[in-house]
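Student: structure, please.
(one chain, ligands or ions: 1)
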Amino acid sequence: MTAPPDPDQALRTLDAELARGLSLFAEARTIEELELAEIGVLGRKAPFSGVQRSLGELSQEDRRPVGQRTNEVREALQSALGERRAALEVQRERSLLEADRIDVTLPGRRLRPGSLHPLTIVQYEICDIFTRMGYRVVEGPEVEDEWHNFDALNIPPDHPARTMMDTIYLDVPARPDLLLRTHTSPMQIRTMEAQPPPVFVVVPGRVYRNEEITAKNMPVFHQVEGLAVDEGITFADLKGTLQTFMRALLGPDREVRLTPSFFPFVEPGAQTEVSCFVCGGKGCRTCAGTGWLETGGSGMVHPHVLEAVGYDPERYSGFAFGLGYDRLAMIRFGIPDIRLLWESDARFLQQFQGLGASA
Ligand code: DAH
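Tutor: Predicted coordinates for the structure are as follows:
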């Protein structure tokens, strides 16, 4: 049996705990510290709770004053606690706001909108024009096989383009026929293999050749291939289509000149030129005084090519063209060095902001 509690001792404990509690609450600098102080002063294991629990053991006579004092002390502690908590909450709010403060007088961060790459601008324009003429835009793989890149295009095995001098072959065991496409023409084959005539497609994309890097040449450049196959397509359709296209792209006064040339997959084949859009055809530095800019090749699809894809050359005819557009973009935008197209220099690219957004 423990001795009955001493009421005087209990009253002293209550006073001491009141003083201790008030000072701990006042000292708490954060809500967390205040919660710890609360547990220390009013928690189950605190001296105050001990007194509270012992009330029942006191005599009737002692219980009244001790009980009353217990209530007073509890109320005093709880109200001090509540006030301190409110004050700390205000303080916390204020410091959060302070940390979050935005100085609206500082200059804003400038947005730097992106821009289309000059090649993309020209590519979109080209595809737009052909789409309006009823062509479909398709894209093909940049890793090709010799069949699509050469054989089916009537390019014989001993053709010089097939040597390592021109062509970048892949080093894939068991697939010595894989290469980076040297032109977009293989997509003529892939398109015709996949569908019967009529065919009207353009194919923009990257092509690869083993070239030295200079201001004018890169081992990677861009072509757009065109292919039209149907019954009754003639050389006049080729010329009219190219002329309509060049005038839409480079100005209504442009002329197209087709001069005989050889490409194994067309017969007849033509070198394709457009009158210079810098000087209007009078002759200038850009066109080396000739008045004409070379843009690529074109011609009537060779019967061997139609046969290679299972089209009947007696019934169908077509034309094809291939056009390099790196140089067109350079002349059009006055870009002096082709390497600028590859350097991703923001100072260069920013100059095209806002151009060509329509596509
Ligand atoms: N593929 C040829 C090249 O890269 C360009 C070409 C010429 C494409 C004549 C054609 C064409 O479609 O008919 O050099």
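
Student: which ones are touching the residue in the stretch 151-300 of the chain that the ligand sits nearest to?
Tutor: Closest approach of the stretch 151-300 of the chain to the ligand (Cβ to the nearest ligand atom) occurs at Gly297, with a separation of 2.5 Å. (Glycine included, C-beta is placed from N, CA and C.) Contacts were defined as Cβ atoms under 8 Å, 6 or more residues apart in numbering; by that measure Gly297 touches 261, 263, 266, 269-272, 321-322.

Student: so which of those are in helices?
Tutor: Applying DSSP state H to these, no entry is found in helices.

Student: which residues in the stretch 1-150 of the chain form strands?
Tutor: 136-137, 143-145 (DSSP state E, counting those that start in this stretch).

Student: okay, those strands in TSV with mean pLDDT next?
Tutor: As requested, the strands of the stretch 1-150 of the chain are exported to TSV (pLDDT from 0 to 100):
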stretch	mean pLDDT
strand 136-137	98
strand 143-145	97
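
Student: looking at these, which is nearest to Ser49?
Tutor: When those are compared by Cβ to Cβ, strand 143-145 sits nearest Ser49, at 80.2 Å.

Student: so is the closest one next to the ligand?
Tutor: No: applying Cβ under 6 Å from any ligand atom, one finds strand 143-145 separated from the ligand by no less than 12.2 Å.

Student: and Gly205, that one's in a strand?
Tutor: Yes: per DSSP: H, G, I helix; E, B strand; the rest coil, Gly205 lies within a strand segment.

Student: and the pLDDT for it?
Tutor: You'll see Gly205 listed with a pLDDT of 98.

Student: who does it form a beta bridge with?
Tutor: Assessed by DSSP bridges, Gly205 has beta-bridge partners Gln223.

Student: check contacts around it.
Tutor: So Gly205 contacts 139-140, 142, 184, 187, 222-224 (Cβ under 8 Å, 6+ apart).

Student: and the gap between it and Glu142?
Tutor: 7 Å (Cβ to Cβ, to the nearest Å).

Student: returning to what we had before: over to the residue of the stretch 151-300 of the chain closest to the ligand. Which of the three states is it?
Tutor: Per three-state DSSP, Gly297 ends up strand.

Student: now do the one 3 residues further on
Tutor: The three-state label given to Met300 by three-state DSSP is strand.

Student: state the pLDDT value of it.
Tutor: 98.

Student: swap in the one 3 residues further on?
Tutor: Per-residue confidence at Pro303 stands at 98 (pLDDT).

Student: show me what contacts it?
Tutor: Counting by Cβ under 8 Å, 6+ apart, Pro303 touches 267, 313.

Student: quick revisit: with distance to Pro336 added, can I get the contacts of Gly205 in JSON lines?
Tutor: Output for the contacts of Gly205, formatted as JSON lines (distance: Cβ to Cβ, whole Å):
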{"residue": "Glu139", "distance to Pro336": "29"}
{"residue": "Gly140", "distance to Pro336": "31"}
{"residue": "Glu142", "distance to Pro336": "27"}
{"residue": "Thr184", "distance to Pro336": "26"}
{"residue": "Met187", "distance to Pro336": "31"}
{"residue": "His222", "distance to Pro336": "18"}
{"residue": "Gln223", "distance to Pro336": "22"}
{"residue": "Val224", "distance to Pro336": "23"}
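
Student: which of those residues sit farthest apart?
Tutor: Distances among the contacts of Gly205 were taken as Cβ to Cβ; the most separated pair is Glu142 and Val224, at 14.6 Å.

Student: please say which of those two ends up with more neighbours.
Tutor: Taking neighbours as other Cβ atoms under 10 Å, Glu142 and Val224 compare with Val224 leading, 23 against 14.

Student: wait, isn't the more buried one in contact with Ile126?
Tutor: Yes: the criterion here is Cβ atoms under 8 Å, and Val224 meets it with Ile126 at 5.4 Å.

Student: identify the contacts common to those two.
Tutor: With Cβ under 8 Å, 6+ apart as the test, Val224 and Ile126 both reach 202, 204, 323, 325.

Student: just those: which are in strands?
Tutor: Secondary structure from DSSP state E places 202, 204, 323 of these in strands.

Student: so who does the last one touch?
Tutor: Yep, that's Leu323 we're talking about. Leu323 is in contact with 126, 223-226, 272, 295-296, counting by Cβ under 8 Å, 6+ apart.

Student: the stretch 1-150 of the chain: helices as residue ranges?
Tutor: Taking DSSP state H, counting those that start in this stretch as the test, the helices found in the stretch 1-150 of the chain are 7-27, 31-42, 47-54, 60-99, 118-132, 146-149.

Student: could I get these as JSON lines with distance to the ligand and mean pLDDT?
Tutor: As requested, these are exported to JSON lines (distance: least, Cβ to the nearest ligand atom, whole Å; pLDDT from 0 to 100):
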{"stretch": "helix 7-27", "distance to the ligand": "85", "mean pLDDT": "94"}
{"stretch": "helix 31-42", "distance to the ligand": "74", "mean pLDDT": "94"}
{"stretch": "helix 47-54", "distance to the ligand": "93", "mean pLDDT": "92"}
{"stretch": "helix 60-99", "distance to the ligand": "63", "mean pLDDT": "93"}
{"stretch": "helix 118-132", "distance to the ligand": "14", "mean pLDDT": "97"}
{"stretch": "helix 146-149", "distance to the ligand": "10", "mean pLDDT": "96"}
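
Student: possible to save those as TSV with distance to Ile168?
Tutor: Shown next, in TSV, are the helices of the stretch 1-150 of the chain (distance: least, Cβ to Cβ, whole Å):
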stretch	distance to Ile168
helix 7-27	77
helix 31-42	67
helix 47-54	85
helix 60-99	57
helix 118-132	20
helix 146-149	11
